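Undergrad: Model the structure of this input:
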Amino acid sequence: MATILLAFVGILLFVAIIVALYLLVTYNAFVALKNRVKEAWSDIEVQMKRRYDLIPNLVEIVKGYASHERNTLEAVIQARNMAMASNGTMDDKAKAENMLSGTLKSLFALSENYPNLKANENFLELQRELSDTENKIQASRRFYNSNVLAINTKLEMFPSNIVGRMFGFEKQEFFKLDENEQAARQAVKISF
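TA: Sure, this is the predicted structure:
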């Protein structure tokens, strides 16, 4: 009887060790995913900051050639300021960024009406840098969303969802385009 009891205790101890190892590994996986989401968001913020820094220079150059296009220039600056100030939900941030992208399109459309502006080296360089930054923002958004997908999937799958709930991990929001804003679905088109 003592050997059966000892064997039963040994099996329980083995199962407890397996469960503890599973909890440890799953918890660490959630921590890694949460940190990847934070890192990916940080990458987006770095690129957006670069874009925010480029916009005033671009507006100043356009002002010199198209000073009577005041409404467009003010809309770009206002959208930039709103995007920079947006500290709400991921959805709020995405809406502000989408509005900024739309106003940038209108700014670049202005250059079509001003041949001297289109030929300005500083304007062309800023356009190139802004286009490069937009591409990096898109790549950063894809990276962010893939990490959000990974953590959200793990939070929904059994049995990792139990561990996630036990330790308070939460689903993350995707960075998505506003469905009502069709203009935001089109890439920023920059022509030289």
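
Undergrad: where along the protein do the strands fall?
TA: Secondary structure of the chain (DSSP state E): no strands located.

Undergrad: Centroid-wise, who is the farthest residue in it?
TA: Met1 (62.4 Å; Cα atoms, centre = their mean).

Undergrad: Next one, pLDDT for it please.
TA: Confidence at Met1, expressed as pLDDT, is 77.

Undergrad: how near is it to Thr103?
TA: 81 Å (Cβ to Cβ, to the nearest Å). Backbone N, C-alpha and C define where each C-beta goes, glycine included.

Undergrad: again, but for Thr72
TA: Taking Cβ to Cβ, one finds Thr72 at 8 Å from Thr103.

Undergrad: How about the residue nearest the centre of the chain: what's its closest non-neighbour residue?
TA: Centroid check for the chain by Cα atoms, centre = their mean gives Arg141 as the closest residue, at 3.9 Å. Leaving aside its chain neighbours, Arg141 sits nearest to Phe175 (5.0 Å; criterion: Cβ to Cβ, 6 or more residues apart in numbering).

Undergrad: Can you read off the pLDDT for the one you found?
TA: 85.

Undergrad: same deal with the one 10 residues further on?
TA: pLDDT, Arg185: 47.

Undergrad: Neighbour count for Thr72 and Thr103, which is higher?
TA: Thr103 (22 against 17; other Cβ atoms under 10 Å).

Undergrad: looking at it, that one is touching Asn81, isn't it?
TA: No. Using Cβ atoms under 8 Å, Thr103 makes no contact with Asn81, being 11.1 Å away.

Undergrad: Report how many residues lie close to the closest residue to Leu130 other than its chain neighbours.
TA: Distance criterion Cβ to Cβ, 6+ apart; nearest residue to Leu130, sequence neighbours excluded, is Leu54 at 5.2 Å. Around Leu54 there are 19 other residues, counting by other Cβ under 10 Å.
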